[in-house]
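> Okay, structure incoming, though there's no sequence with it:
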């Protein structure tokens, strides 16, 4: 894979490799798959950077705190 200058390039390159690996097979549920693949590491890093302050993390993400909490639960990042 090429050197990535930004997140956009990284995602684009990864998707191109994904389609090559499909070898002509049609993908299914691509949007949900990609959102789930990106959302969990995003939440992990933001929570770490915010020192697990959900209010601050929600503000950074542009979410309300209840939505953030729901997403953290869905990804098994809190109990």
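Done, it's in. Here the structure is a predicted model, which means the values were calculated and not measured. Numbers count the residues shown, from 1 in each chain.
> mind listing the helices in the protein by residue range?
Shown for the chain, the helices assigned by DSSP state H span residues 7-22, 30-49, 54-61, 65-74.
> now those helices as a markdown table including mean neighbour count and mean pLDDT?
For every residue, glycine as well, the C-beta is placed using N, CA and C. Conversion of the helices of the chain to a markdown table gives the following (neighbours: other Cβ atoms under 10 Å; pLDDT from 0 to 100):
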| stretch | mean neighbour count | mean pLDDT |
| --- | --- | --- |
| helix 7-22 | 12 | 94 |
| helix 30-49 | 13 | 95 |
| helix 54-61 | 16 | 98 |
| helix 65-74 | 15 | 98 |
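> Phi first, then psi, for residue 26.
Backbone torsions for residue 26, taken as degrees, to the nearest 10, come to phi -70, psi 130.
> check contacts around it.
If you count contacts by Cβ atoms under 8 Å, 6 or more residues apart in numbering, residue 26 has none.
> check contacts around residue 42.
By Cβ under 8 Å, 6+ apart, the contact list for residue 42 reads residue 61.
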